[in-house]
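**Q** coords please:
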Amino acid sequence: MNGKIGSLVAKYSRILLLVLICVVMSFLSKTFLLKGNIINVLRQSSLYLIMSLGMLFALLLGRGTDMSIGATLALTSCLAAEFMQRDPDNPWIILWGILIAIGMAAVIGAVNGLIVSYFKLPAILVTLGTREIIRGVAYYFMSEKVIVILPSFITQMGMGKLWGIPIPIFIALGITLLSAFILRFTVVGRSVYLVGANERSAAFSGIRTKLVIIFGFVVSAVFSSLAGLIYIGRLSAAEPSIGADFAFECVSAVAIGGASFSGGIGTVWGTIIGSIILCLVLNALNLLRVSAYWQGAVNGAVVILAVLIDYLAREKSRGR
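**A** Sure, this is the predicted structure:
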């Protein structure tokens, strides 16, 4: 009986945490459950969800987190903005700008994956190094300028609405469905789980593990570049300092969602819940006018609490 209860808690712990936050905040803030605030939370969580889904692909591989996604977001969005400002009304220029961002992100992801897979280095150390290189290139490329001439297509991606629903939510929904399809129904998606669970066994099974690792980091980088296009659309500006804290926040969302840092465990559904919980916490802190100095501390505490609840529930379900 205790094992069944522990198993249920382990399965629904994140949903219980989500409900608990909503119930508590409904008493603490009169504006928390208002339609405008809920839409604002969903808009914000859609951006984090896109990046967190990319982080999920990297984390499932069992090599560690991709800490370069914030810098990748900055560089690729700046490259796209620089190209598109030449003729903001030309749809072909816009298309090429988007493809340049995605292409550069794919190169960055491939480099990360190559170093991690061939040299068997921890991803967190490799991507911390590439993060600094990428951010430095972004600053050099922009030369302290800020691009504010953006196509209306990009600003609509960040601020537009369709049927009263923010467009970033639709984009996040599409990327979520694509991620779920890849991880569940494709050979490469299933291989990501197998490599993360046991790379040696996966190699003996005929899986080209190095290519799978490279694929995971490419997805992580490409998703961050797509999030970058949405972000500069929302800001109506592109500059090299954006996205500095996004990597930690996405790690937080994926951790809250129940993904294992050892690899092989994690779901798209859990990442959705984790992203929403993260944004609910940030929104609650703003509504309660908590000092920005404490917001990072509270965010970290929520991550530790979520991971601890999940760990205790799993141990309980195993009868330990």
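
**Q** can we go C-alpha only for contacts and neighbour counts from here?
**A** Will do.

**Q** how about low-confidence regions in the protein?
**A** Where the chain drops to pLDDT under 70, the residues are 1-12, 302-303, 306-307, 309-320.

**Q** show me where it has strands.
**A** For the chain, strands defined by DSSP state E occupy the ranges 161-162, 165-166.

**Q** With distance to residue 150 and mean neighbour count as new columns, can the ones you listed be given to me in TSV?
**A** Shown next, in TSV, are the strands of the chain (distance: least, C-alpha to C-alpha, whole Å; neighbours: other C-alpha atoms under 10 Å):
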stretch	distance to residue 150	mean neighbour count
strand 161-162	18	12
strand 165-166	19	17
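
**Q** how many neighbours does the residue nearest to residue 180 when sequence neighbours are not counted have?
**A** Distances taken as C-alpha to C-alpha, 6 or more residues apart in numbering put residue 268 closest to residue 180, at 6.1 Å, once the chain neighbours are dropped. Residue 268 is flanked by 23 other residues according to other C-alpha atoms under 10 Å.

**Q** ok, so what distance separates residue 230 from residue 240?
**A** 15 Å (C-alpha to C-alpha, to the nearest Å).

**Q** what about those two, which has more around it?
**A** The residue with more neighbours, out of residue 230 and residue 240, is residue 240; 28 against 24, by other C-alpha under 10 Å.

**Q** What's the separation between the more buried one and residue 54?
**A** Residue 240 is 21 Å from residue 54, where distance means C-alpha to C-alpha.

**Q** And for residue 189?
**A** Going from residue 189 to residue 54 by C-alpha to C-alpha gives 13 Å.

**Q** ok, these two, which is more surrounded?
**A** Neighbours per residue (other C-alpha under 10 Å) separate residue 189 from residue 54, with residue 54 holding more: 26 against 19.

**Q** does the more buried one really touch residue 221, like I thought?
**A** Yes. Using C-alpha atoms under 8 Å, residue 54 is in contact with residue 221, at 7.0 Å.

**Q** all helices of the stretch 151-300 of the chain, in order?
**A** Listed in chain order, the helices of the stretch 151-300 of the chain (DSSP state H, counting those that start in this stretch) span 152-159, 167-185, 187-197, 199-204, 209-235, 246-256, 268-287, 292-317.

**Q** Figure out which of these is closest to residue 34.
**A** In terms of C-alpha to C-alpha, the element of the helices of the stretch 151-300 of the chain nearest to residue 34 is helix 268-287, at 12.1 Å.

**Q** Now find how far off-centre that closest one is within its chain.
**A** Its chain's C-alpha centre and that of helix 268-287 lie 12 Å apart, by C-alpha atoms, centre = their mean, to the nearest Å.

**Q** Return the set of buried residues in it.
**A** Neighbour-count burial for helix 268-287, with 16 or more other C-alpha atoms under 10 Å as criterion, is recorded at 268, 270-285, 287.

**Q** now the angle from that helix to helix 246-256?
**A** 120 degrees (axes from the mean of the first three to the mean of the last three C-alpha atoms, to 10 degrees).

**Q** Does helix 268-287 pack against any helices or strands, and if so which?
**A** helix 2-28, helix 35-60, helix 167-185, helix 246-256, helix 292-317 (3 or more C-alpha pairs under 8 Å, 6 or more residues apart in numbering; DSSP states H and E).

**Q** now these in CSV, with distance to residue 148?
**A** Output for the helices and strands packed on helix 268-287, formatted as CSV (distance: least, C-alpha to C-alpha, whole Å):
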stretch, distance to residue 148
helix 2-28, 37
helix 35-60, 20
helix 167-185, 20
helix 246-256, 22
helix 292-317, 27
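
**Q** can you pull the contacts of the closest residue to residue 283 other than its chain neighbours?
**A** Nearest residue to residue 283, sequence neighbours excluded (C-alpha to C-alpha, 6+ apart): residue 41, at 6.9 Å. For residue 41, the contact set (C-alpha atoms under 8 Å, 6 or more residues apart in numbering) comprises 276, 279, 280, 283.

**Q** ok, now residue 268?
**A** Counting by C-alpha under 8 Å, 6+ apart, residue 268 touches 53, 56, 176, 179, 180.

**Q** Adding neighbour count and distance to residue 113 as columns, could you present those residues in CSV?
**A** Below are the contacts of residue 268 laid out as CSV (neighbours: other C-alpha atoms under 10 Å; distance: C-alpha to C-alpha, whole Å):
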residue, neighbour count, distance to residue 113
53, 29, 17
56, 33, 14
176, 20, 22
179, 21, 19
180, 17, 21
